[in-house]
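**Q** sequence and computational prediction follow.
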Amino acid sequence: MTKHSIKRQFAGIFIGLMAGTILVCWFINNVFLEEYYIRSKTRIIYEAYETISQAANSDTYGTDEFKEELNNVCSVSNLTVCIMDSNSQMKYVSVNGGRELEAQLIGYIFGFEQPPTRVIEEGEDYIIQVVKNSNDEYLMMLGRLNSGISFIMRTPLESIRESAEVANRFFAYVGILCTLAGGIIIWFVSGRITKPIMKLNRISEQMVHLNFDAKYEGKSKNEIGMLGENINKLSESLEKSISELKTANNELQKDIEKKEEIDEMRKEFLANVSHELKTPIALIQGYAEGLAESVNDDPESRSFYCEVIMDEAAKMNNMVQKLLTLNQLEFGNDMVTMERFDITALIRNYLQSAAILTKQHEIQVCMEEKPAVYVWGDEFKIEEVFANYFSNAVNHCSGDKKIVVTMEQKDNLVRVGVFNTGEPIPEEALPHLWEKFYKVDKARTREYGGSGVGLSIVRAIMESLNRQYGVENYQNGVMFWFELELCEKA
């Protein structure tokens with residue numbers, strides 16, 4: 001618990017208020033209680049005076065009823081009373097020391113010197129004063145009515161002072177005990193009040209560190225409970241806002257990375273295209289200049305020059321077409337049309353159209369008889385993938401001069417493989433096969449007119465379909481493969 005905790009402050013304020021209130025009450029009691037008692041006794045003496053005055057006016061002060069009434073007043077209010085008529089005859093003397101007042105009454109009547117006094121109240125026919133006699137003090141009323149009746153009444157003040165001192169002492173003890181007891185009670189009560197506040201403080205501290213799992217679970221319906229509910233709502237709102245900001249920031253980061261990637265791809269594309277076009281352009285330019293200058297003027301030479309120019313122009317056109325296709329695929333500008341088609345029929349039709357090419361290269365193509373196998377994909381793009389695999393196999397086929405096309409079904413997928421006999425691909429080159437313009441054997445690739453873009457197109461197509469593709473080395477050759485999702489025959 002911190003030095004300036006609410007619990008300490010709350011308990012301190014309450015204890016201070018309680019102690020201050022008790023101290024003020026004790027001060028007021030100590031200073032004004034005696035005066036209050038004197039005023040109270042003055043009212044009692046005055047009431048007795050009213051009783052004597054009424055009795056004198058009605059001439060009943062000599063009756064037994066009047067004496068009995070005064071006896072009750074004297075016993076209850078601790079009054080000593082002495083009454084004398086106009087003939088100096090004592091009409092009433094209280095039993096609790098009334099005889100002692102006869103001399104004072106006579107002295108008052110005849111104007112003898114009285115002890116030092118402090119006048120409290122003075123009327124037309126009476127005076128109320130504080131009289132000190134030896135070590136005792138009294139509140140005394142002296143008077144003479146119009147009917148000639150004289151009277152004197154007094155009540156001791158010492159008992160009042162003793163009572164005030166006892167009351168003040170008792171009040172001090174009770175005040176101290178109440179302050180201690182109240183302090184202990186308020187300490188625990190303030191603890192219960194501040195406990196949910198401390199819990200809210202811990203929750204807010206966790207929110208500072210972006211931890212929004214902690215929730216206020218109090219069930220009270222007071223202001224603290226309402227604050228807890230609002231903090232829970234604030235936590236949810238902040239978590240949602242931060243999540244949205246992080247999502248937006250992540251998307252922005254992706255956009256920046258994509259932009260940078262596109263810029264790099266554009267630079268790489270321009271560099272590679274420039275490099276790849278340099279050779280055919282140089283050849284075309286050289287042979288065209290040869291024709292223009294009639295280096296070899298015979299028909300056979302001119303025909304050869306023209307064939308070279310057309311061949312190089314065809315290669316350039318083929319490469320440009322492939323680059324445009326790859327560009328559309330990589331930038332997402334080419335729509336993928338998912339359709340259901342027979343992959344077996346697609347492969348057989350392609351092999352049939354490529355039969356002349358394989359015969360020219362003296363290559364034996366093998367494929368087992370397969371029933372119709374229906375798959376999901378973009379038929380045009382899958383044909384392009386297979387065509388790239390097959391043309392690649394034709395260009396690199398050696399040894400036994402065989403190309404084997406396989407179809408293997410597993411679970412809900414079919415894997416199409418194109419295997420060609422020949423030299424395996426170096427292991428260090430396998431990860432780079434799918435990069436644009438990458439060539440394992442540049443001299444051989446140039447020989448058959450390859451551009452190094454075909455496998456990049458395969459990668460772009462298969463990634464747009466979210467399907468697997470790859471290459472595997474064997475001792476006697478290489479197999480390229482791709483997978484498609486099977487579907488039930490209609």
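**A** Yep, that arrived.

**Q** residue ranges for the helices of the stretch 1-150 of the chain, please.
**A** 6-57, 64-77, 102-110 (DSSP state H, counting those that start in this stretch).

**Q** right, and those helices - which one's nearest residue 388?
**A** Closest to residue 388 of these is helix 6-57 (C-beta to C-beta; 75.8 Å). C-beta: built from backbone N, CA, C; applies to glycine.

**Q** what's the least confident stretch among the helices of the stretch 1-150 of the chain?
**A** Across these, helix 102-110 has the smallest mean pLDDT, namely a mean of 73.

**Q** buried set for that one?
**A** 104-105, 108 (16 or more other C-beta atoms under 10 Å).

**Q** if we can go back for a sec, switch the helices of the stretch 1-150 of the chain over to JSON lines; also include distance to residue 155.
**A** Formatted as JSON lines, the helices of the stretch 1-150 of the chain follow (distance: least, C-beta to C-beta, whole Å):
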{"stretch": "helix 6-57", "distance to residue 155": "5"}
{"stretch": "helix 64-77", "distance to residue 155": "7"}
{"stretch": "helix 102-110", "distance to residue 155": "14"}
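
**Q** can you say which of those helices is nearest to residue 224?
**A** helix 6-57 (11.3 Å).

**Q** relative orientation of that closest one and helix 64-77 in degrees?
**A** 160 degrees (axes from the mean of the first three to the mean of the last three C-alpha atoms, to 10 degrees).

**Q** ok now helix 6-57, how far from the chain's centre?
**A** When C-alpha coordinates are averaged (C-alpha atoms, centre = their mean, to the nearest Å), helix 6-57 and its chain have centres 57 Å apart.

**Q** again with stretch 392-411
**A** That offset, for stretch 392-411, works out to 61 Å (C-alpha atoms, centre = their mean).

**Q** now it: buried residues?
**A** So, applying 16+ other C-beta under 10 Å, buried residues of stretch 392-411: 392-397, 402-405.

**Q** first-to-last residue distance for it?
**A** Chord length of stretch 392-411, first to last residue, is 29 Å (C-alpha to C-alpha, to the nearest Å).

**Q** any residues touching that stretch, and which ones?
**A** Residues from elsewhere that reach stretch 392-411 (C-beta atoms under 8 Å, 6 or more residues apart in numbering): 343-344, 347, 351, 354, 357-358, 361-368, 370, 373, 390, 414-423, 444, 448, 450, 454-455, 476-480, 486.

**Q** and the strands in the stretch 351-490 of the chain?
**A** 364-367, 374-377, 402-410, 413-421, 469-474, 477-486 (DSSP state E, counting those that start in this stretch).

**Q** now the ones you listed in CSV, with distance to residue 168 and mean pLDDT?
**A** Output for the strands of the stretch 351-490 of the chain, formatted as CSV (distance: least, C-beta to C-beta, whole Å; pLDDT from 0 to 100):
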stretch, distance to residue 168, mean pLDDT
strand 364-367, 119, 93
strand 374-377, 102, 92
strand 402-410, 103, 93
strand 413-421, 101, 95
strand 469-474, 103, 93
strand 477-486, 100, 94
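
**Q** of all those, which one is nearest residue 31?
**A** Ranking the strands of the stretch 351-490 of the chain by distance to residue 31, with C-beta to C-beta as the measure, places strand 477-486 first at 101.5 Å.

**Q** give me the contact list for the closest one.
**A** Counting by C-beta under 8 Å, 6+ apart, 343, 373-377, 382, 385, 389, 392-393, 396, 399, 402, 406, 409, 412-422, 424-425, 458, 462, 465, 467-472 sit against strand 477-486.

**Q** just the buried ones from those?
**A** Of the contacts of strand 477-486, these count as buried by 16+ other C-beta under 10 Å: 343, 373-375, 377, 382, 385, 389, 392-393, 396, 402, 414-422, 425, 458, 462, 465, 467, 469, 471.

**Q** tabulate the strands of the stretch 351-490 of the chain (JSON lines), appending distance to residue 85.
**A** Conversion of the strands of the stretch 351-490 of the chain to JSON lines gives the following (distance: least, C-beta to C-beta, whole Å):
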{"stretch": "strand 364-367", "distance to residue 85": "157"}
{"stretch": "strand 374-377", "distance to residue 85": "137"}
{"stretch": "strand 402-410", "distance to residue 85": "140"}
{"stretch": "strand 413-421", "distance to residue 85": "138"}
{"stretch": "strand 469-474", "distance to residue 85": "141"}
{"stretch": "strand 477-486", "distance to residue 85": "136"}
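
**Q** nearest to residue 335, out of these?
**A** Closest to residue 335 of the strands of the stretch 351-490 of the chain, according to C-beta to C-beta: strand 374-377, at 13.4 Å.

**Q** helices or strands up against the closest one?
**A** strand 339-342, strand 477-486 (3 or more C-beta pairs under 8 Å, 6 or more residues apart in numbering; DSSP states H and E).

**Q** need these in a markdown table with mean neighbour count, can you?
**A** Formatted as a markdown table, the helices and strands packed on strand 374-377 follow (neighbours: other C-beta atoms under 10 Å):
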| stretch | mean neighbour count |
| --- | --- |
| strand 339-342 | 16 |
| strand 477-486 | 20 |
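
**Q** how about the strands in the stretch 51-200 of the chain?
**A** 80-84, 90-93, 117-122, 126-133, 136-144, 150-156.

**Q** the longest helix along the chain - what's its average pLDDT?
**A** Ranked by number of residues, the top helix in the chain under DSSP state H is helix 223-292. The average pLDDT for helix 223-292 rounds to 74.

**Q** sorry, back to before: closest to residue 201 out of the strands of the stretch 351-490 of the chain?
**A** strand 477-486 (56.3 Å).

**Q** give me the distance from that closest one to the chain's centre.
**A** For strand 477-486, the distance to the chain centre is 51 Å (C-alpha atoms, centre = their mean).

**Q** what lines up beside it in the sheet?
**A** Sheet pairing for strand 477-486, assigned by DSSP bridges, gives strand 374-377 (antiparallel), strand 413-421 (antiparallel), strand 469-474 (antiparallel).

**Q** closest to the centroid, which residue in the chain?
**A** residue 235 (2.7 Å; C-alpha atoms, centre = their mean).
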